[in-house]
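Novice: With the input below, show me the fold.
(one chain, ligands or ions: 1)
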Amino acid sequence: MSAGERRALNENVFRELNERLEQLGEEYGDDAVEFLCECADPACSAALSIPVSVYEAVRDHPRRFLIVPGHQGEGVERVVEEHPDYLVVEKLGEAGEVAEDTDPRP
Ligand SMILES: [Zn+2]
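Specialist: Residues are numbered from 1 along each chain as shown. Below you'll find the predicted structure:
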């Protein structure tokens, strides 16, 4: 497995965790839910407070992830949305392919 693949897989693990956090959050309506930063750093445990509706809009795209501003990786993803508390990034190349292969909502 290449380093790029390994990094992409880590992000997909966080995406799976967030899918579960969302299910818990939905019981409380559309208030902001604590999600985990989906960046490529395995040591990152930053939390993001985001409404479920925003999370849902990102999950509609298999290559898009939610991360803390500044956690984006050069060359492997591009920022598609910038907000004060979070960024939406889209995976490029190999990382994007891995993200699509492991899409929790195929
Ligand atoms: Zn992070």
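
Novice: contacts, neighbours, all on C-alpha from now
Specialist: Fine.

Novice: which helices and strands does the host helix or strand of residue 15 pack with?
Specialist: According to DSSP states H and E, residue 15 maps onto helix 3-26. With contacts taken as 3 or more CA pairs under 8 Å, 6 or more residues apart in numbering; DSSP states H and E, helix 3-26 sits against strand 32-36, helix 52-59, helix 93-101.

Novice: In it, which residues are buried?
Specialist: Buried residues in helix 3-26, counting neighbours by 16 or more other CA atoms under 10 Å, are found at 7-9, 11-12, 14-15, 18-19, 21-22, 25.

Novice: Tell me what angle the helix or strand bottoming out on mean pLDDT in the chain forms with strand 32-36.
Specialist: Lowest on mean pLDDT, DSSP states H and E among the helices and strands of the chain sits helix 3-26, with a mean of 81. Helix 3-26 runs at 150 degrees relative to strand 32-36, counting by axes from the mean of the first three to the mean of the last three CA atoms, to 10 degrees.

Novice: OK, contacts around the residue nearest the centre of the chain?
Specialist: For the chain, the residue nearest the mean C-alpha position is residue 65 (2.9 Å; CA atoms, centre = their mean). Under the criterion of CA atoms under 8 Å, 6 or more residues apart in numbering, the contact list for residue 65 reads 15, 38-39, 58-59, 88-91.

Novice: residues from this structure in reach of the ion?
Specialist: 37, 39, 44 (CA under 5 Å from the ion).

Novice: which other residues reach the helix holding residue 15?
Specialist: With CA under 8 Å, 6+ apart, helix 3-26 has contacts from 31, 33-42, 52, 65, 94-96, 98-99, 102-104.

Novice: Please repeat the previous calculation with a cut-off of 6 Å.
Specialist: 33, 35, 38-40, 95 (CA atoms under 6 Å, 6 or more residues apart in numbering).

Novice: Most neighbours among those residues, which one?
Specialist: When neighbours are counted by other CA atoms under 10 Å, residue 38 leads these with 31 neighbours.
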